[in-house]
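> Sequence first, then the predicted structure, then my questions.
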Amino acid sequence: MNIRVKLSVLLLLILSLVLAGILIQYEIEKRGLISLIQNEKVDKEANINRLLKLEGRLLETFAYDYTYWDEMVEFVNNSKNNPWASVEVDQPVLTSYKANAIWIYTKDSSLAYSLNNLNDINLKNIPIPKEAITKLLGKKRFCHFFINTDKGILEIRGATIHPSTDNERKTPPQGYFFVSRLLDKKYITELSELTNGKVEIMQYPDNDNLALSQKKNIITFTKALNAWDNNPIGYINIEFESNLLPIANNIFRNELILFALFCVIFATFIFVTLSYYVVNPLQLLSKSLKTKDITYVSKIQKKRDEFGELARLILDFFKVNEELQQEIIERKRVEEERKKLEERVARQEKMESLGRLAGGVAHDLNNILTGMVTYPDYLLWTIPDTPENKKVRDVINTVKESGERASAIVSDLLTMTRSSTAEMKPLDLNKLVEDYKKSPEYIELMNRYPRITFETLLDRDLYNILGSSHMIHKTLMNLVINAAEAMPNGGKITVSTENRYVDKAINGYDSIYEGNYVVLSVADQGTGIPQEDLKRIFEPFYTKKAMGRSGTGLGLSVVWNTMQTHKGYINVQSQESVGTIFELYFPITEEAIEQQADIPIDQYRGNNEKILVVDDIACMRIVTSKILESLGYDVATVSSGEEAIEYIKQNPVDLIILDMIMDPGIDGCETYQRIVEIRPTKAIIVSGYSETDRVRKAKELGAGQFLQKPYRLQDIGLAVYTELHK
Ligand SMILES: Nc1ncnc2c1ncn2[C@@H]1O[C@H](COP(=O)(O)OP(=O)(O)OP(=O)(O)O)[C@@H](O)[C@H]1O
Ligand SMILES: [Mg+2]
């Protein structure tokens with residue numbers, strides 16, 4: 001469960017508790033309100049009872065007033081032929097008391113007189129049993145009950161009749177007097193107005209008469225209308241609106257709305273606050289740790305709370321981690337370099353000791369083989385070439401061929417050993433390549449591999465090297481044979497030469513150091529050399545070929561030893577099924593080839609002119625100054641543009657030889673720009689690279705020729721001479 005879910009659950013719990021509290025509070029309030037409503041109902045009932053009594057008061061007065069009267073006593077005692085009742089209790093009297101009927105009974109409960117204004121003959125007598133009268137008024141002086149008639153329910157009030165002297169009605173009753181009123185529409189309307197409710201006369205009571213009608217906000221009040229025997233014959237039902245019920249309902253609704261509002265605001269507030277202060281920082285911290293990207297954690301590092309502190313700790317941790325990683329990488333690099341160096345040294349030692357061994361064997365074998373090569377020739381010369389001698393001559397020829405092959409191997413072995421005194425002379429590699437193309441070995445190879453094409457890409461301005469033409473010829477021959485043998489199905493062998501200036505050490509098969517080289521490359525489109533074999537191919541007798549015409553395993557050993565003798569380097573790049581390229585780096589020499597017809601040196605000799613050489617590479621400064629001094633110039637050297645400017649300020653010169661790229665200071669162009677601001681000075685720009693925009697800019701500023709490194713004596717001599725005599 002993540003923190004967001006946990007917080008949501010906590011929030012829900014809090015809100016549930018608040019809701020429970022509100023519900024309890026509501027229940028308490030509701031109960032209070034219900035008791036208030038009950039009180040309201042009791043009050044109302046009391047009022048209604050009072051009203052009903054008031055309504056019946058007139059009828060009660062009527063019954064009371066007429067039964068406390070001597071003439072009435074006289075009448076009930078002798079009603080026959082006595083018109084008193086019809087005069088005194090007539091229709092107008094009924095109307096004045098809002099009554100609808102009266103009955104006068106003698107003390108033996110016989111009807112003496114009755115009158116009604118309802119035109120109902122059934123009401124001549126009160127429709128109750130005769131004995132009911134004495135039951136009702138035998139002990140009591142007044143009675144009150146209701147009867148059901150066709151016209152509706154009649155309210156009846158009765159009283160005993162007494163002489164006027166007996167105002168306390170203590171004497172026995174002289175008769176009975178009943179007055180009645182119909183509970184008609186008028187009565188109901190009147191009652192409705194007085195009670196401010198809805199009045200209904202019903203045969204049966206409303207079952208829910210005591211229940212609160214929540215929906216309608218109505219309270220119902222029901223009063224039974226009892227007959228003479230106390231059994232209800234109908235009901236008055238009064239409904240009136242409660243003032244408190246809607247209030248109770250409103251309170252509950254308002255409380256719910258308030259609670260909902262509170263929940264929304266509280267939840268939003270808590271959620272936003274927790275998100276901002278807790279969840280977001282936590283997510284940023286975990287994202288940073290997961291992705292190892294510090295941008296997330298950096299956002300909160302300035303916070304002053306615990307998260308800020310945690311972020312700063314994580315940043316520190318990342319920093320330490322980064323440093324550790326760097327250290328590990330650096331250590332690995334150093335370790336790898338050390339291993340490579342060790343491997344190289346071991347390889348070198350191994351090759352040298354193998355070379356010494358092979359050389360020793362070769363020396364001894366060479367002497368022994370002399371006999372095997374020279375004697376067969378002598379024998380062949382002495383045995384005439386006739387059919388009879390054929391067999392013997394064939395045997396001798398085989399011995400001769402074997403001897404020659406053995407001596408070729410020994411010759412290879414001797415080439416390999418540096419003890420073989422190779423004559424080192426200035427050489428033009430292009431010429432060696434051209435000579436190889438004319439050699440019998442090349443012609444023989446091309447005949448053997450007719451599907452192979454041979455291409456040469458020779459740099460015509462190639463520098464000379466100091467070397468042994470014999471060794472290099474063998475080297476080239478071995479590389480081309482290997483290339484051809486790697487392409488049994490044909491392909492192209494490319495032999496190229498070029499000048500190459502190495503200004504940053506190349507970590508190839510050998511480590512090739514800074515300097516000027518002539519590079520001889522032999523490239524093929526053959527099978528390639530598997531990576532695991534690359535380490536061993538230069539070892540003597542290492543071969544993957546079946547012994548035969550080729551396959552002694554000495555070819556590349558010759559190449560390796562040749563390069564050792566020439567203080568050069570080898571770089572091999574090979575890709576299986578694509579091809580192999582062998583690059584041989586020969587250091588250049590300024591020595592000219594004797595037979596070369598160059599421009600005579602006198603034609604560009606100097607006359608003690610002052611020349612400043614600006615170059616960051618020490619050996620270039622030395623070589624250039626030596627050349628120029630030998631040509632008769634007065635040379636000074638500095639190693640940076642900044643030094644050159646300082647020098648020029650003090651010492652005017654006739655010409656500056658300016659290197660274009662100098663690390664780490666300003667470049668040649670910038671240097672020249674500042675120098676010409678001090679004083680206009682002639683310049684020659686030199687660079688290991690071809691002409692660039694910066695060189696062109698320097699030329700626009702007034703610099704003369706551009707020379708590409710490495711340059712020969714003649715090139716620099718002519719350039720300086722030409723520039724000085726412009
Ligand atoms: N250009 C190449 N393409 C593919 N493999 C090569 C190439 N040059 C050399 N090799 C591999 O290097 C091994 C050693 O070569 P090396 O010239 O020393 O001996 P060799 O050619 O086998 O025998 P030898 O040259 O004495 O007749 C070869 O056997 C071959 O497997
Ligand atoms: Mg070979």
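The structure has been received and is ready for your questions. Residues are numbered from 1 along each chain as shown. Ligands and ions are numbered 1, 2, ... in the order given.
> Once you drop chain neighbours, what's closest to whatever residue of the chain ends up closest to ligand 1?
Nearest to ligand 1 in the chain, going by CB to the nearest ligand atom, is residue 555, at a distance of 2.5 Å. In short, each C-beta sits where N, CA and C put it, glycine included. Counting by CB to CB, 6 or more residues apart in numbering, residue 555 lies nearest to residue 478, which is 3.8 Å off, once chain neighbours are set aside.
> burial of the residue of the stretch 351-500 of the chain found nearest ligand 2, as a residue count?
Among all residues of the stretch 351-500 of the chain, residue 482 sits closest to ligand 2, at 4.4 Å; criterion: CB to the ion. When neighbours are counted by other CB atoms under 10 Å, residue 482 registers 22.
> about what we covered before: give me the element the residue nearest to residue 555 is part of.
Assignment of secondary structure by DSSP states H and E places residue 478 within helix 469-485.
> after the helix or strand containing residue 132 comes which helix or strand?
Secondary structure here is read from DSSP H and E; on that basis residue 132 sits in helix 130-137. Next in sequence after helix 130-137, counting helices and strands by DSSP H and E, comes strand 142-149.
> Mind checking the pLDDT average for the next helix or strand after that next one?
Elements were assigned by DSSP H and E; along the chain past strand 142-149, the next helix or strand is strand 152-160. Along strand 152-160, the predicted local confidence has a mean pLDDT of 93.
> Give the other helices and strands that strand 152-160 contacts.
Helices and strands touching strand 152-160, by 3 or more CB pairs under 8 Å, 6 or more residues apart in numbering; DSSP states H and E, are helix 3-66, helix 130-137, strand 142-149, strand 175-182.
> and residue 313, which of these is closest to it?
Ranking these by proximity to residue 313 (CB to CB) places helix 3-66 first, at 19.6 Å.
> Where do the helices of the stretch 351-500 of the chain begin and end?
Under the criterion DSSP state H, counting those that start in this stretch, helices of the stretch 351-500 of the chain are mapped to 390-416, 429-438, 440-448, 469-485.
> Next one: the shortest one, is it in contact with ligand 1?
In this case it means helix 440-448. No - judged by CB under 6 Å from any ligand atom, helix 440-448 makes no contact with ligand 1; its nearest approach is 12.2 Å.
> Tell me how far the residue of the chain closest to ligand 1 lies from residue 566.
Remark: distance between residue 555 and residue 566 (CB to CB, to the nearest Å) = 17 Å.
> one step back: tell me which residues of the helix holding residue 132 come out buried.
Of the residues in helix 130-137, those buried under the neighbour-count criterion (16 or more other CB atoms under 10 Å) are 132-133, 136-137.
> ditto for stretch 472-491
Using 16+ other CB under 10 Å as the test for burial, stretch 472-491 gives 472-487, 491.
> Now cross-check these against ligand 1 and list the overlap.
478, 482-483, 486.
> circling back to that earlier point, okay if I get the helices of the stretch 351-500 of the chain as CSV plus mean pLDDT?
As requested, the helices of the stretch 351-500 of the chain are arranged in CSV below (pLDDT from 0 to 100):
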stretch, mean pLDDT
helix 390-416, 81
helix 429-438, 93
helix 440-448, 91
helix 469-485, 92
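> who touches the residue nearest to residue 248 when sequence neighbours are not counted in this structure?
Spatial nearest neighbour of residue 248, excluding adjacent residues (CB to CB, 6+ apart): residue 33 at 4.1 Å. Contacts here follow CB atoms under 8 Å, 6 or more residues apart in numbering; on that basis residue 33 touches 244, 247-248, 251.
> what's the most distant pair in these?
Every pair of the contacts of residue 33 checked by CB to CB; the farthest is 244 and 251, at 10.1 Å.
> Who has more neighbours out of the two?
residue 244 (18 against 14).
> Could you measure from that one over to residue 47?
The gap separating residue 244 from residue 47 is 16 Å, by CB to CB.
> Pick out the residue in the chain sitting closest to ligand 2.
Taking CB to the ion, ligand 2 has its nearest neighbour within the chain at residue 555, 2.7 Å off.
> Number of residues surrounding that residue?
For residue 555, the number of neighbouring residues by other CB under 10 Å comes to 24.
> ok, which stretches of the stretch 551-700 of the chain are strands?
In order along the chain, the stretch 551-700 of the chain carries the following strands (DSSP state E, counting those that start in this stretch): 569-575, 579-589, 610-614, 634-638, 655-659, 682-687.
> from the chain's centre, how far out does stretch 714-726 sit?
65 Å (CA atoms, centre = their mean, to the nearest Å).
> Tell me which stretches of the stretch 551-700 of the chain form helices.
In the stretch 551-700 of the chain, the helices defined using DSSP H, counting those that start in this stretch lie at 555-565, 618-630, 641-650, 668-678, 693-700.
> excluding its backbone neighbours, what's nearest the residue of the stretch 351-500 of the chain closest to ligand 2?
Closest residue in space to residue 482, ignoring its immediate chain neighbours: residue 555 at 5.8 Å, by CB to CB, 6+ apart.
> Now do the contacts for the one you found.
Under the criterion of CB under 8 Å, 6+ apart, the contact partners of residue 555 comprise 412, 478-479, 481-482.
> How confident is the prediction for the residue of the chain positioned farthest from its centre, by pLDDT?
Note on the chain: the largest C-alpha distance from the chain mean falls to residue 81, namely 122.0 Å (CA atoms, centre = their mean). If you check residue 81, the pLDDT there is 81.
> Can I take it that it is in a helix?
No - when DSSP: H, G, I helix; E, B strand; the rest coil is applied, residue 81 is found to be coil, with no helix at that position.
> I'd like the distance between it and residue 112.
Distance of residue 81 to residue 112, computed by CB to CB: 12 Å.
> ok, back up a step: pick the most buried one from the helices of the stretch 551-700 of the chain.
Per-stretch averages of neighbours, counted by mean count of other CB atoms under 10 Å, single out helix 555-565 among the helices of the stretch 551-700 of the chain, with a mean of 23.
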